[in-house]
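> I'll drop the sequence and a predicted model, then ask my questions.
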Amino acid sequence: MAPTQDEISAEIAAARESTARAVAAGGVPPSHPGRDYPPYRSSALRHPRKPLLRVGADPEAAEWHGPVFGVTDITALDADLTRQHQGEPLGERITVAGRVLDRGGRPVRGQLVEVWQANASGRYAHQRDQHPAPLDPHFTGVGRCLTDDQGAYAFTTVRPGAYPWRNHTNAWRPAHIHFSLFGTAFTQRLVTQMYFPGDPLFPYDPILQSVTDAAARARLVAAYDHRLSTPERSLGYRWDIVLDGPAATLPDPEEDH
Amino acid sequence: MRAPTPSQTIGPFYGYALPFPGGGDVAPVGHPEAITVRGRVYDGAGEPVPDALVETWQAAPDGSLAGEPGSLRRDPVTGGFLGRNGVDFTGFARVATDADGQWVVRTLPPPAALPYLSVCLFARGLTRHLFTRAYVDGGAAGDAVLSALPEERRGTLLARTEGPRAYRFDIRLQGPGETVFLDFGTGGES
């Protein structure tokens, strides 16, 4: 029998308290979710039980370098998800923009940013999403861009809807946009989700709550930024991204000249 | 140091966004030295994982780790994908597992000094990606990762030769024969 929201919420609270106790005892607040996070039921059989092997810094290793992308890997329309079909998609048009940085605050330049999302009704253009919300013939929900010299990215899209899923009875995902990011090193690879400020579904969602530290969770929530709003056109949200992991030890190209 | 943006699961619906046609065809077309590396991803119940995304990254045969753009080379006329240009070696593959949990990458052999494909695995249910390595031809003598492992676990990183220029590298997320996954020193991990 599917668990109730109350049961899942109790598990969420227990995991949060466990993290709060560890931090109060002097532990480092964890940025990332534990891979074994029982409230997210699909994690049960999909996390390793043995500890990961810690690999020391090794600039010679393949992972301290990473894939590169360029102008051939994107097209001009990729960053505007509202212009990929013949008509305008339904929904509240938004701009999402920010910068991709490494932990040292250096911009990640010329790297690939990919996004995907549900449409304004909360439906993905995916055959396995069969929940009864309408597809939008004018919206697929896939975008790509390259970061500029300041590490900046920007997408125009529509605000995605919340949608139900089957983790437990009456489970709903808060509205979110999926992001995929590359750094200068493969060790910095990140796939994550961006949320919208003030969403009432936050406390109920085991995926957002898999990040058990409150400050870390807050880093997944974009800020409304009026300066990014376009008159008569779209509302603006700012979301900066910091890639974890050792960056490539290659010299910063700016320092070469 | 800035605090990192947390990871979140890739979820079940990335399939219309991230995979691209020819994502596993890293070797230049018709290259006589191309190898295939394939495998299946298994969960803790021993069932194939049909909704995982596998990415591989490796050194070019000449040892270069600079990579080349063009893995997702696009057609500006249609917005579709053209495939790699057939000449450059991008070093990067991205493939989704099929309904039977299988993935395959057609690439060039990594150099003897870095004889592995770095593998990054994503899946619904995985709150954060996992790194491992698929070593071909037994790996290099004195490899720091392989030599740090007990004999019974080392084998999980060795791609098995299953034919001429053909290797198999299965990934077991949990349980008996669990694959060795790697931590490159990221926040909250250690």
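Yep, it's here.
> Need the three-state assignment for the nearest residue to B:G177 once chain neighbours are set aside.
Nearest non-adjacent residue to B:G177, counting by Cβ to Cβ, 6 or more residues apart in numbering or on different chains: B:T156, 6.4 Å away. Bear in mind the C-beta positions are built from the backbone N, C-alpha and C, glycine included. For B:T156, the assignment made with DSSP: H, G, I helix; E, B strand; the rest coil gives helix.
> Please tell me how far B:T156 sits from B:R172.
Look at B:T156 and B:R172: by Cβ to Cβ, to the nearest Å, they are 7 Å apart.
> Need the residues touching each of those two.
Common neighbours of B:T156 and B:R172 are listed as B:178-179 (criterion: Cβ atoms under 8 Å, 6 or more residues apart in numbering or on different chains).
> Would you verify that A:R217 is located in a helix?
Yes - the assignment for A:R217 by three-state DSSP puts it in a helix.
> Neighbours of the residue nearest to it when sequence neighbours are not counted, how many?
Distances taken as Cβ to Cβ, 6+ apart place A:V211 nearest to A:R217, at 4.7 Å, with adjacent residues excluded. Using other Cβ atoms under 10 Å in any protein chain shown, A:V211 has 29 neighbouring residues.
> With the one 5 residues further on instead?
Counted by other Cβ under 10 Å, the residues lying close to A:A216 total 21.
> what sits against it?
A:29-32, B:3, B:6.
> and with 10 Å instead?
Counting by Cβ atoms under 10 Å, 6 or more residues apart in numbering or on different chains, A:A216 touches A:19, A:29-33, B:3-6, B:187-188.
> Specify which member of those is nearest to A:P132.
When these are ranked by distance to A:P132 (Cβ to Cβ), A:P33 comes first, at 30.1 Å.
> wait, that closest one sits on B:G125?
No - with contacts counted by Cβ atoms under 10 Å, A:P33 stays clear of B:G125, the gap being 11.5 Å.
> got any residues that touch both of these two?
A:40, A:43, B:9.
> How about the secondary structure of A:V100?
Put simply, A:V100 is strand when judged by three-state DSSP.
> can you count the residues close to it?
26.
> Show me what it bridges to in the sheet.
Beta bridges link A:V100 to A:I241, judged by DSSP bridges.
> tell me the pLDDT at residue 28?
As the question left the chain open, I've gone with chain A. pLDDT recorded at A:V28 is 94.
> meant chain B, my bad for not saying
94.
> cool, and B:R94?
Residue-level pLDDT assigned to B:R94 equals 98.
> re the thing from before, correct me, but the residue nearest to A:R217 touches A:P30?
Yes - the pair A:V211 / A:P30 is scored as a contact, 7.9 Å apart, by Cβ under 10 Å.
> who's in contact with the spatially closest residue to B:P48 that is not a sequence neighbour?
Leaving out its chain neighbours, the residue that sits closest to B:P48 by Cβ to Cβ, 6+ apart is B:G101, at 2.5 Å. Contact analysis of B:G101 by Cβ under 10 Å, 6+ apart lists B:39-43, B:47-52, B:170-171.
> tally of neighbours for residue 41?
With no chain named, the answer covers chain A. 17.
> my bad, chain B
Using other Cβ under 10 Å as the criterion, B:V41 is surrounded by 24 other residues.
> ok, back up a step: out of the contacts of B:G101, which is most surrounded?
For these, neighbours were counted using other Cβ under 10 Å, and B:A52 has the most, 26 neighbours in all.
> returning to what we had before: secondary structure and pLDDT for the contacts of B:G101 - can I get that in TSV?
Output for those, formatted as TSV (DSSP: H, G, I helix; E, B strand; the rest coil; pLDDT from 0 to 100):
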residue	secondary structure	pLDDT
B:G39	strand	98
B:R40	strand	98
B:V41	strand	98
B:Y42	strand	98
B:D43	coil	98
B:E47	coil	98
B:P48	strand	98
B:V49	coil	98
B:P50	coil	97
B:D51	coil	97
B:A52	strand	98
B:D170	coil	98
B:I171	strand	98
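> For those residues, work out which two are farthest apart.
Greatest spacing in those, by Cβ to Cβ: B:D51 and B:D170 (16.7 Å).
> circling back to that earlier point, and of the shared contacts of A:P33 and B:G125, the nearest to B:P150?
Once Cβ to Cβ is applied, the member of these that ends up nearest B:P150 is A:S43, at 26.5 Å.
> Could I get the phi/psi values of that closest one?
Dihedral angles of A:S43 (phi, psi; degrees, to the nearest 10) stand at phi -80, psi -20.
> and what of A:Q84?
Backbone torsions of A:Q84, given as degrees, to the nearest 10, read phi -90, psi 0.
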